[in-house]
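Undergrad: my questions concern the predicted model and sequence given below.
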Amino acid sequence: MTSHSQAVHQARRAARGRIAIVSLFAALLAPACGAPATTASVTTTPEPAPNMSTTPPSPDPRVGLTPGSRDTATGRIIKAGAQTEWNMHLVSATSPDRRFIGMTAFNSDLAFKGSFAIQGNYNGWQVWDISNPVHPTLRTAYYCPASQSDVSTYQNLLFVSAEGLTGRKDCGSQGIPDSISAMRVRGIRIFDISDISHPKYVTDVQTCRGSHTHTVLVDPKDKDNVYVYISGSAGVRDARELSGCDDLRSDANPSSQLFRIEVIKVPLAHPEQAKVITQPHIFQDLTAPPTSVARTRQDSVERAVRDSILRAKGDATAGARGGATVRQGPTQCHDITVYPAIGRGGGACGGYGLLLDITDPANPKRIAAVADSNFSFWHSATFSNDGSKILFTDEWGGGTAPRCRSTDKYEWGADAIFGLSGDKMTFKSYYKMPAVQTSEENCVAHNGSLVPIPGRDVMVQGWYQGGVSVFDYTDISHPKEIAFFDRGPVDGSRLMTAGSWSAYWYNGVIVSSEIARGLDIFELLPSAFLSRNELAAAKSVHFDYLNAQGQPRLTWPASFSVIRSYVDQLARGNGLAADKIASIRADLDRAEQASGVARRTALTALSTKVASEAGSATDAARVRALVSEIDRLSAASQ
């Protein structure tokens, strides 16, 4: 199969010199539930020349971008706003099926399987074939309303979150007017996507608070089952609708559905038998987190605004998110990221960031907790690949508020990065998308993933209408932006929800779920901050599937691009003298031109030579990593 990178460049060669006009949200014929559908027009533009400046553009071109406008009745884009990019390139922007456009039909999170990107939406979910990232095609548009339809996949199964009051077992659009109904779905829907063009609804697993988000945990010790951690942030449903539901405080009723998460066990051979098996009390004995006076005042105003918006949408989470008035401490997690390779999970849980032991998948245990008075609502977590760092996001305002204005503190609605040593988390720094945004742009830290660059910690992240930001936090105390993409406000006359819900690296490209516009696909460009070798090494990492909340360990095939990545990093950081860098590069060129025994001999000699330089290097750790990669390629050479 042609790789994503090859497909991008083949399409560019065919279209070189031509610029396609953006035509977002063209009218489409709505397909039947789960049936294949056509796609709307796709934006493609020629790749810009690499920018090798080490200085970010000034003034920042994201400031003052021309706004667009949006029809308040239909949600359609009437006029597209201006856009800008730096060190990354938008290769396509594709609009959704017409039933997935509207004022409350928000595109939500993403999961990936093979060549497909699966995109959640408050009206269901869509499957995009992204084998050619320049021209994604819509394979399936499955209409099945529920808030917020976050998605995950494993093998032939698709898991979809349902939390609001209007989701129905029959996927109908009429909602549920009754306060108590056997038709209501609040929990996880499970689909069989063996034939991804014709998915089958297998079952749903009901939970007391619904599923705002969820996490699929693949236990390396258990090949027969997967586990789903449920993060529900809505109010507890009536026990008459689901037996056992109780919203009393834990001091009044130890079996209260507050202060816990649910763990669902899914037998892979019989997913219809999926059920809740445990309800771990991971919040036990947590007191209310510290808050600053200024933050508390902002929270109270924004909570009222946010809840009025959510109630207008019929969202059951109105009045339930945030938990700032619950002085006993958080009663729910918003999101949990598991990293099975190290046996740990990161819980973003209201007012705390939690470190979890997940070695027993059915019984996760809290082993550490951190709080921050600058944070309002801990939203999601990401581990560094080596497990030495954990990053938490703060979704201040629930994603519907502007938090990137000139009047907002840098720490508000940002990322908080912690060092992780054993089971101790130590705060090191904040990172926030640095461009000032308007009051008409919801902007706050949201979902992202690691970019697989060997030897570095680089992350791509969606910031709603703050756009997409790529940043390097290898130096944990000094994170630095290295690429971005942004559009002007979706509507310059009012604050309307839009922007990048999530931006994830997947098999050579960055895929972003744009709340109001559809699916964006980007490619990172060579720059002063990212060499061609580092990009080639990143593109050599292949996933068969990806759920960002089930974080995989990144591994690279032995290659010259990986070796040269470390050489480029030593050159960029002055980690080794320039003449020695030049000598290593010359030796690498000669080794690559050789083959078989001759290549192996050349690499072995180079390894010995580089190892001798470690003592005089200012970055000895990276020199040792370089030696390790040379040895790995030498062993693989025949």
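TA: Arrived safely.

Undergrad: ok, Pro57 - contacts?
TA: Residues in contact with Pro57 (CB atoms under 8 Å, 6 or more residues apart in numbering) are Trp86. Heads up, the C-betas are built off the backbone N, CA and C, glycines and all.

Undergrad: pLDDT at it, what is it?
TA: Pro57 carries a pLDDT value of 96.

Undergrad: specify the beta-bridge partners of Phe112.
TA: Ala117, Leu546 (DSSP bridges).

Undergrad: if I pick it, what's in contact with it?
TA: Per CB under 8 Å, 6+ apart, neighbours of Phe112: 118, 153, 504, 506-507, 511, 543, 545-547.

Undergrad: which one of those residues is nearest Ala381?
TA: Ala381 lies nearest to Asn547 out of the contacts of Phe112, by CB to CB, at 13.8 Å.

Undergrad: I figured the closest one hits Thr153, correct?
TA: Yes: between Asn547 and Thr153 there is a contact at 6.6 Å, judged by CB atoms under 8 Å.

Undergrad: so what sits against both of the two?
TA: Overlap of the contact sets of Asn547 and Thr153 (by CB under 8 Å, 6+ apart) consists of 111-112, 216.

Undergrad: now those in TSV, with pLDDT and distance to Asn363?
TA: Formatted as TSV, these follow (pLDDT from 0 to 100; distance: CB to CB, whole Å):
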residue	pLDDT	distance to Asn363
Ala111	98	25
Phe112	98	29
Val216	98	17
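
Undergrad: which member of these is positioned nearest Ala598?
TA: If you rank the shared contacts of Asn547 and Thr153 by distance to Ala598 using CB to CB, Phe112 comes first, at 40.2 Å.

Undergrad: and the closest one, how far is that from Val91?
TA: 17 Å (CB to CB, to the nearest Å).

Undergrad: want to throw the shared contacts of Asn547 and Thr153 into JSON lines with distance to Trp463?
TA: Shown next, in JSON lines, are the shared contacts of Asn547 and Thr153 (distance: CB to CB, whole Å):
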{"residue": "Ala111", "distance to Trp463": "20"}
{"residue": "Phe112", "distance to Trp463": "21"}
{"residue": "Val216", "distance to Trp463": "25"}
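
Undergrad: now flag whichever of those is closest to Asp97.
TA: Asp97 has its nearest neighbour among the shared contacts of Asn547 and Thr153 in Ala111, at 17.8 Å by CB to CB.

Undergrad: how deep is the closest one tucked in, by neighbour count?
TA: 29 (other CB atoms under 10 Å).

Undergrad: helix or strand right after the one helix or strand in the chain whose mean pLDDT sits lowest?
TA: Each helix and strand of the chain was given a mean pLDDT (mean pLDDT, DSSP states H and E); the minimum falls on helix 4-15 at a mean of 45. Counting by DSSP states H and E, the next helix or strand C-terminal to helix 4-15 is strand 69-70.

Undergrad: can you give the strand pairings for that next one, parallel or anti for each?
TA: According to DSSP bridges, strand 69-70 forms sheet pairs with strand 77-79 (antiparallel).

Undergrad: need the contact partners of the helix or strand following the strand it pairs with.
TA: Reading on from strand 77-79 to the C-terminus, the next helix or strand found by DSSP H and E is strand 83-86. Applying CB under 8 Å, 6+ apart, the external contacts of strand 83-86 come out as 48, 51, 56-57, 61-62, 65, 90, 483-488, 522.

Undergrad: report the buried residues of strand 83-86.
TA: For strand 83-86, burial by neighbour count (16 or more other CB atoms under 10 Å) applies to 83-86.

Undergrad: and these, which is closest to Ala234?
TA: Of the buried residues of strand 83-86, the one sitting nearest to Ala234 (CB to CB) turns out to be Gln83, at 35.1 Å.

Undergrad: Thr291 versus the closest one, what's the distance?
TA: Counting by CB to CB - Gln83 and Thr291 are separated by 37 Å.

Undergrad: got it, and Asp247?
TA: Computed as CB to CB, the Asp247 to Thr291 distance reads 24 Å.

Undergrad: give the contact list for Met425.
TA: Contacts of Met425 (CB under 8 Å, 6+ apart): 353, 355, 368, 370, 390, 418-419.

Undergrad: just put those in TSV and tack on pLDDT, distance to Ser561 and secondary structure.
TA: Listed next are those as TSV, based on pLDDT from 0 to 100; distance: CB to CB, whole Å; DSSP: H, G, I helix; E, B strand; the rest coil:
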residue	pLDDT	distance to Ser561	secondary structure
Gly353	95	35	strand
Leu355	98	34	strand
Ala368	96	37	strand
Val370	95	37	strand
Ile390	98	28	strand
Phe418	98	31	strand
Gly419	98	29	strand
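
Undergrad: for the residues you listed, give me a markdown table that also has distance to Met496.
TA: Output for the contacts of Met425, formatted as a markdown table (distance: CB to CB, whole Å):
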| residue | distance to Met496 |
| --- | --- |
| Gly353 | 30 |
| Leu355 | 37 |
| Ala368 | 39 |
| Val370 | 34 |
| Ile390 | 33 |
| Phe418 | 34 |
| Gly419 | 39 |
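
Undergrad: circling back: and which of the shared contacts of Asn547 and Thr153 is nearest to Asp170?
TA: The shortest approach to Asp170 among the shared contacts of Asn547 and Thr153 belongs to Ala111, at 23.7 Å (CB to CB).

Undergrad: and that closest one, what is it in contact with?
TA: Contacts of Ala111 (CB under 8 Å, 6+ apart): 117-118, 151-153, 158, 545-547.

Undergrad: quickly list the domain ranges of the chain.
TA: Here the domain parsing of the chain from automatic domain parsing is 4-546, 560-636.

Undergrad: which one of these lies nearest to Arg553?
TA: Between Arg553 and the domains of the chain, the shortest gap by CB to CB is with domain 4-546, which sits at 4.0 Å.

Undergrad: now that closest one: how far from the chain's centre is it?
TA: Put simply, domain 4-546 sits 5 Å off its chain's centre (CA atoms, centre = their mean, to the nearest Å).

Undergrad: for the helix or strand harbouring Glu629, buried residues please.
TA: Using DSSP H and E, Glu629 sits in helix 620-636. The neighbour-count check on helix 620-636 (16+ other CB under 10 Å) flags 622-623, 625-627, 629-634 as buried.

Undergrad: distance of Leu242 relative to Gly488?
TA: Distance from Leu242 to Gly488, by CB to CB: 45 Å.

Undergrad: okay, these two: which has more neighbours?
TA: Higher neighbour count among Leu242 and Gly488: Gly488, with 22 against 18, using other CB under 10 Å.
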